[in-house]
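S.K.: with the sequence up front, the predicted model follows.
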Amino acid sequence: MAARSDGASDLAEARAVSKTFVRDEHQLAVLRDVSLTVRPSEVIAILGPSGCGKSTLLRILVGLIPPTTGEVLCHGAPLRGIHPGAAIVFQNFALYPWLTVAENVRVGLYRRALQRDEENARITRAIDLVGLEGFEEAYPKELSGGMKQRVGIARAIVGGPELLCMDEPFSALDVLTAESLRSEVYGLWSRGDLGLKSMLLITHLIEEAVFLGDRIVIMGTNPGSVRETIANPLPHPREYRDPAFLALVDEIHAVITQVHLPDERRRPELAARIEPFPNSEVAQVFGLLEVLHDQGGIANLFDLATRLQLEVGRVILVIKAAELFGFVDTPKQDVVLTTIGRELVAGDANARKRIVHARLMAIPTFCYLVDRLRRTETMRLAAEVVEEELAMHVPNEPTEALFETIVRWGRYGELLGYDPETREIYLDVESTVASTHEGAPT
């Protein structure tokens, strides 16, 4: 991590920056009172869920958009226009489809007073550094996603920037390609001969922030603000399975979920327990179990889709939910009713609620939420807090749909309640699942 420096050496600085957008006469506050300094010789990872203003903060720091209030500095002086030493790698590649690889990279030298020979030399070197030699005359349509992002990286470094900004550069790539590019980007940064002084990374993945970042800035939402900044003391190269790496990941999980850590660092047992939960209706899961029971407890996946009159993709989600509860097993393409599944089919409304209640307490996501609620004085949490945590732990899942599914099952099992007026989720401590209930699941 870089030592604290005087303002003149700081590459970029935001001081008490706020940003409000006006749309159709309505104001949308995106950032509130955010301060951040980018010093030489460090990688800063800005971590937060979608909608927390990460990308807006990046664009303000490099001068693409002005703040509503606050001040932006470049080497200690007020920033006027675009930051002269910054370059950006975008999430969506942002390549010109009518230009070749070499021509797209040349865009990074726009308005540079260079001789043609020097331009060509820089372009050749940048393309070579990202491993695209031989593809100079190829067009974007001929490239894979990983190759397109390599072009974006080459375009960013060709001008020799001092600050490389990356806005979720790996999120549009498959897991293996993203992993490879992360390592290569750090390799470029650590070379020391490209003129790069610092990097600023926007991400929603905790592991990515720990892998690359020297300082990890954790942002909250509504509006975006800095919740905490954590120094990363781990030496490079960093290994995902290293105990110290995992411990730091857990520490950040705990900060994100607002768990109060003890003075002695430890691995929070529940910090990483939120997992994807299939988007499913209670009635559809019960209908699946009824159909299986009628067919002797076993059926083929595609036969079930026909019987349930649902698309195969939808049936798979319903089956996944039933399997998560332990109601079915799925050997190959068959779906088999389990003992607990048979008990649920045979039970009345009260028995079904008791079974679902018990099974919910065996599902990590619900265990996590119950623990979070018990840690509050009122046993209530704002929906936006829960949604933010869901977005951080399972960023590839639709947050709103996941929240609604959790509320739906939590209500049915009389484990969780939800107040739509206050938009709060709460622990249903007063309910008794053995009491009399009427009606079918909805």
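M.R.: That came through, no problem.

S.K.: how far away is the nearest residue to Gly297 once chain neighbours are set aside from Lys320?
M.R.: Using CB to CB, 6 or more residues apart in numbering and skipping the chain neighbours, the partner closest in space to Gly297 is Leu337 (4.1 Å). Quick note: C-beta positions are derived from backbone N, CA and C, even for glycine. Applying CB to CB, to the nearest Å, the value for Leu337 to Lys320 is 15 Å.

S.K.: now do the buried residues in the helix or strand harbouring Phe403.
M.R.: In this assignment (DSSP states H and E), Phe403 forms part of helix 399-412. Neighbour-count burial for helix 399-412 flags 399, 402-403, 405-412 (criterion: 16 or more other CB atoms under 10 Å).

S.K.: can I get those residues in CSV with pLDDT?
M.R.: What follows is the buried residues of helix 399-412, written out as CSV (pLDDT from 0 to 100):
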residue, pLDDT
Thr399, 81
Leu402, 88
Phe403, 90
Thr405, 90
Ile406, 91
Val407, 91
Arg408, 92
Trp409, 92
Gly410, 91
Arg411, 91
Tyr412, 90
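
S.K.: which phi and psi values does the closest residue to Tyr412 other than its chain neighbours adopt?
M.R.: Nearest residue to Tyr412, sequence neighbours excluded (CB to CB, 6+ apart): Val282, at 5.0 Å. For Val282, the backbone dihedrals (degrees, to the nearest 10) come out as phi -60, psi -50.

S.K.: tell me the spacing between Val282 and Leu304.
M.R.: 17 Å.

S.K.: again, but for Val17
M.R.: 54 Å.

S.K.: which of the two has more neighbours?
M.R.: Val17 (25 against 21; other CB atoms under 10 Å).

S.K.: quick one on the thing from earlier: by contact count, what packs against the helix holding Phe403?
M.R.: Contacts defined by 3 or more CB pairs under 8 Å, 6 or more residues apart in numbering; DSSP states H and E place helix 399-412 against helix 282-294, helix 349-360, helix 364-374, helix 383-393, strand 416-419.

S.K.: need the residues that contact the shortest one.
M.R.: Think strand 416-419. Residues outside strand 416-419 that contact it (CB atoms under 8 Å, 6 or more residues apart in numbering): 366, 369-370, 373, 380, 383, 406-407, 410-411, 424-428, 431.

S.K.: give me the nearest residue to Ala154, chain neighbours excluded.
M.R.: With CB to CB, 6+ apart, the residue lying closest to Ala154 is Ala126, at 4.1 Å.

S.K.: and for Trp98?
M.R.: Closest to Trp98 by CB to CB, 6+ apart is Tyr139, at 7.7 Å.

S.K.: and that neighbour, backbone torsions?
M.R.: Backbone torsions of Tyr139, given as degrees, to the nearest 10, read phi -100, psi 160.

S.K.: what does the pLDDT read for it?
M.R.: Predicted confidence (pLDDT) for Tyr139: 94.

S.K.: may I have the residues that are in contact with it?
M.R.: 97-101.

S.K.: what do you get for Gly347?
M.R.: 354-355.

S.K.: pretty sure Gly70 sits against Arg32.
M.R.: No - using CB atoms under 8 Å, Gly70 makes no contact with Arg32, being 9.7 Å away.

S.K.: what comes into contact with stretch 52-69?
M.R.: 12, 14, 16-20, 30-31, 34, 36, 38, 46-48, 72, 74, 79-83, 86, 88, 163, 165, 167-168, 200, 202, 204, 219-221, 223-224, 388.

S.K.: who's more crowded, Leu337 and Lys320?
M.R.: More neighbours surround Leu337 than the other of Leu337 and Lys320, with 24 against 18 (other CB under 10 Å).

S.K.: still on that earlier bit, need the contact list for the residue nearest to Ala154.
M.R.: 105, 108, 154-155, 157-158.

S.K.: tell me where the model's unsure across the stretch 101-250 of the chain.
M.R.: Within the stretch 101-250 of the chain, no stretch falls below the threshold (pLDDT under 70).

S.K.: ranges for the helices of it?
M.R.: 101-106, 116-129, 145-157, 175-191, 206-212, 243-256 (DSSP state H, counting those that start in this stretch).

S.K.: could you dump the ones you listed to TSV with distance to Arg314?
M.R.: Output for the helices of the stretch 101-250 of the chain, formatted as TSV (distance: least, CB to CB, whole Å):
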stretch	distance to Arg314
helix 101-106	41
helix 116-129	45
helix 145-157	28
helix 175-191	25
helix 206-212	31
helix 243-256	32
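
S.K.: between those, which one is nearest to Pro237?
M.R.: For these, proximity to Pro237 was assessed by CB to CB; helix 175-191 is nearest, at 8.2 Å.

S.K.: list the contacts of that closest one.
M.R.: Contacts for helix 175-191 (CB under 8 Å, 6+ apart): 43, 129-131, 144-146, 149-150, 153, 157, 164, 166, 169-171, 173, 194, 196, 199, 208, 211-212, 236.

S.K.: only the buried subset of those, as a PyMOL command please.
M.R.: Burial among these is assessed by 16+ other CB under 10 Å; the matching PyMOL selection reads:
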select buried, resi 43+129+130+131+146+149+150+153+157+164+166+169+170+171+173+194+196+199+208+211+212
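
S.K.: separation between His293 and Val101?
M.R.: Noted for His293: a distance of 59 Å to Val101, by CB to CB.

S.K.: between these two, who's got more neighbours?
M.R.: Higher neighbour count among His293 and Val101: Val101, with 28 against 15, using other CB under 10 Å.

S.K.: my guess is the more buried one contacts Lys141. True?
M.R.: No - using CB under 8 Å, Val101 makes no contact with Lys141, being 11.5 Å away.

S.K.: re the thing from before, now, of the contacts of stretch 52-69, which are buried?
M.R.: By 16+ other CB under 10 Å, these give 12, 14, 17-19, 30-31, 34, 36, 38, 46-48, 72, 74, 79, 83, 86, 88, 163, 165, 167-168, 200, 202, 204, 219-221, 223-224, 388 as buried.

S.K.: so which of the residues you listed belong to strands?
M.R.: Within the buried ones among the contacts of stretch 52-69, residues falling in strands by DSSP state E are 12, 14, 17-19, 30-31, 34, 36, 38, 46-47, 72, 74, 86, 88, 163, 165, 167, 200, 202, 219-220.
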